[in-house]
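based on what follows, work out the 3D shape:
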Amino acid sequence: MTFLPTATAGLLLTLFSWLPLASLGKTGGAPTPPRLLITNPALRTSYMAAFEQHVMATYIQAGLASSGLSVQVYRKAMIGFYHLQQRGLTNRNETTLTVIDFSRSSKQKRLWVVDVDQGRVLYHTLVAHGKNTGEEFAHTFSNREGSEMSSLGFYLTGNTYQGKHGLSLKLQGVDAGYNTNAASRAVVVHGAEYVSEEFVRQHGRLGRSQGCPALPVHQSSAIIQTIKGGSVVFANGPLNTHYQSDWLQLDGALLAFARSKGLSGS
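This next block holds a predicted model:
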């Protein structure tokens, strides 16, 4: 992958550096001070410039803008991806990241599986939200048992199994207060007939699940096989939805990113 010119990387760093790191993805309330794990300012600046350059380079190379994924959502997903890697919760060699953007209409393709090392979209498809999360648009989310709502935040993929929907994939929610009941709620990735362009044409929206990120039947098995076994999934919500995550603390992500790229001092 070719990095962007130095001047461009510097501009990207300037554009992103003003954001309050701990308040990314959060609405309302005062931001929590960022946890500075890198005490050398010059080293931190170097890591941040390289990280922002990598985010934009892979975003552009994968053509994510034209497919409807905003760079802000992609960047949040990337921060969590590397932070989870830093904490040893994912394999250091894992390059697959799944992003679900529930701020988009259910009629639109709003799930992306991206190879973040190569800057390549592996899958881009429809995905359902929970029946009590909304009609065409998702607007209400919950971690509560029996809510039949979708949950926001970061997940790790687990093992596959054969269920009533065929091949299915277990999910472990790792965002306290947002999705940590995913396993007990049986929130899993599976295929469903109501996730299809035909259903949208007939009903004006996608079908809805009981909280699972259900996929088109003809793609579900291939996607599940690709992302199973410890990859990261990030479910983003609308801007007016409260969501605050420790996984969006930048320094942890910078350390893992620097190590993965073999940067000096990492």
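
could you pull out the strands for the stretch 1-150 of the chain?
With DSSP state E, counting those that start in this stretch as the criterion, the stretch 1-150 of the chain has strands at 96-101, 111-115, 120-125.

show me the helices in the stretch 51-200 of the chain, by range?
Secondary structure of the stretch 51-200 of the chain by DSSP state H, counting those that start in this stretch: the helices cover 71-86, 197-203.

how about those helices in JSON lines, adding distance to Ser142, mean pLDDT and mean neighbour count?
(Glycine included, C-beta is placed from N, CA and C.) Output for those, formatted as JSON lines (distance: least, CB to CB, whole Å; pLDDT from 0 to 100; neighbours: other CB atoms under 10 Å):
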{"stretch": "helix 71-86", "distance to Ser142": "20", "mean pLDDT": "97", "mean neighbour count": "24"}
{"stretch": "helix 197-203", "distance to Ser142": "24", "mean pLDDT": "97", "mean neighbour count": "13"}
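
how about those, which one is nearest Gly211?
Each of the helices of the stretch 51-200 of the chain has some distance to Gly211 by CB to CB; the shortest is helix 197-203, at 18.2 Å.

and the contacts of whatever helix or strand comes next after the closest one?
For helix 197-203, the succeeding helix or strand toward the C-terminus, using DSSP states H and E, is strand 215-216. For strand 215-216, contacts defined as CB atoms under 8 Å, 6 or more residues apart in numbering pick out Leu111, Thr125, Leu126, Val127, Ala128, Val189, His190, Gly191, Ala192, Val195, Ser196, Ile223.

in its sheet, what does strand 215-216 sit against?
Strand pairing for strand 215-216, using DSSP bridges, gives strand 191-192 (parallel).

contacts for the partner strand, please.
With contact meaning CB under 8 Å, 6+ apart, strand 191-192 is reached by 128, 165-167, 207, 209, 214-221.

of the residues you listed, just say which sits nearest to Val121.
Taking CB to CB as the measure, Val121 lies nearest Gln219 of these, at 13.1 Å.

so what's the closest one up against?
The contact partners of Gln219, taken as CB under 8 Å, 6+ apart, are Tyr123, Thr125, Gly191.

if we go to 6 Å?
Contact partners of Gln219, counting by CB atoms under 6 Å, 6 or more residues apart in numbering, are Thr125.

just the pLDDT for the residue nearest the centre of the chain.
Geometric centre of the chain, nearest residue: Phe234, 2.4 Å, by CA atoms, centre = their mean. pLDDT for Phe234: 98.

please renumber the chain so that the first residue is 547 from this point on.
All set: I'll call the first residue 547, so the last point we hit is now Phe780.

hang on, it in a strand?
Yes. Counting by DSSP: H, G, I helix; E, B strand; the rest coil, Phe780 falls inside a strand.

that one is in contact with Met624, isn't it?
No. At 8.9 Å, Phe780 does not count as touching Met624 under the criterion of CB atoms under 6 Å.
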